[in-house]
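>>> prediction below, plus the sequence it came from.
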Amino acid sequence: MARVKAEIFEIIGPNKKFEESDIDNLPYTQAVVKEALRLHPPLPILFPRRAMHYTNFMGYDIPEITQVLVNVWAIGRDPESWDDPLDFKPERFLNSKSDFKGQCFEFLPFGAGRRMCVGLPLGNRMLHFVLGSLLHESDWKLPSNINPRSMDMKEPTFHWTDFNITFLYSSQNISGQNVNAIKRCDSI
Ligand code: HEM
């Protein structure tokens with residue numbers, strides 16, 4: 001928080017209001033927003049997709065009419081893609097090409113493909129604008145009797161190994177399909 005504040009004060013100064021046009025000049029603030037979205041994507045599982053026909057994807061058989069759920073929450077914490085995945089380290093996004101425009105498959109807080117979030121430009125701007133304005137206008141402190149280390153910031157959710165992609169079957173499909181032929185996709 002101190003580093004974001006320092007960056008905002010250096011670029012904007014104490015008297016001017018935070019404006020959307022300032023966002024492009026705040027790389028560390030952008031990295032903080034990305035790191036928050038990596039660890040805490042507001043939509044942890046993307047909207048379901050359905051395979052229109054049989055396909056083989058990276059060696060995995062996906063029968064027709066399979067619903068595919070992409071677990072963005074787990075992908076964002078996958079140790080194969082991220083160093084120290086559970087640590088909040090915005091620096092990992094500085095000088096990195098990793099972005100959430102749907103091309104970096106290890107980082108998909110707005111989804112990807114045809115059904116990716118149409119509100120990305122607005123959502124992205126608002127996150128920076130709200131965070132930036134709150135930090136620019138006010139000093140934030142915990143009450144004196146609260147210790148940051150003792151605060152429970154855990155989310156009541158599953159462990160990353162539970163699944164990265166799950167295949168569900170409609171009842172009409174189960175009867176006709178060899179379910180055993182379908183492998184679990186642990187990493188994408
Ligand atoms: C931090 C802000 C936001 C995040 C993280 C977010 C995330 C997402 C995600 C993950 C999806 C599903 C994409 C997929 O399945 O590939 C989605 C879809 C969608 N989002 Fe957002 N969203 C945000 C803000 C917004 C805003 C501000 C709007 C509208 C003003 C919006 C409108 C939509 C719509 C309409 C869809 C459905 C698109 C479709 O099915 O074709 N989102 N969003």
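In hand now; what should we look at?
>>> the nearest residue to L94 once chain neighbours are set aside: what secondary structure?
Spatial nearest neighbour of L94, excluding adjacent residues (C-beta to C-beta, 6 or more residues apart in numbering): A31 at 5.4 Å. C-beta coordinates here come from the backbone N, C-alpha and C atoms, glycine included. Under DSSP: H, G, I helix; E, B strand; the rest coil, the three-state class of A31 is helix.
>>> ok, now which ones touch A31?
Residues near A31 by C-beta atoms under 8 Å, 6 or more residues apart in numbering: P90, E91, R92, F93, L94.
>>> give me that answer again for 7 Å
For A31, the contacting residues are P90, E91, F93, L94, by C-beta atoms under 7 Å, 6 or more residues apart in numbering.
>>> please apply the same query to K5.
Contacts for K5 were tallied using C-beta under 7 Å, 6+ apart; they are L135.
>>> in what helix or strand does it lie?
Following DSSP states H and E, one finds K5 within helix 2-12.
>>> flag every buried residue along that helix.
For helix 2-12, a neighbour-count test (16 or more other C-beta atoms under 10 Å) marks V4, E7, I8, I11, I12 as buried.
>>> format the residues you listed as a markdown table; extra columns: distance to the ligand and pLDDT.
As requested, the buried residues of helix 2-12 are exported to a markdown table (distance: C-beta to the nearest ligand atom, whole Å; pLDDT from 0 to 100):
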| residue | distance to the ligand | pLDDT |
| --- | --- | --- |
| V4 | 17 | 97 |
| E7 | 21 | 97 |
| I8 | 20 | 97 |
| I11 | 23 | 96 |
| I12 | 22 | 95 |
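>>> where is the longest helix in this protein?
In the chain, with assignment by DSSP state H, the single longest helix is helix 120-137.
>>> does anything pack onto that helix? Which helices or strands?
Applying 3 or more C-beta pairs under 7 Å, 6 or more residues apart in numbering; DSSP states H and E, we find helix 120-137 packed against helix 2-12, helix 27-39.
>>> this completes my enquiry, with thanks.
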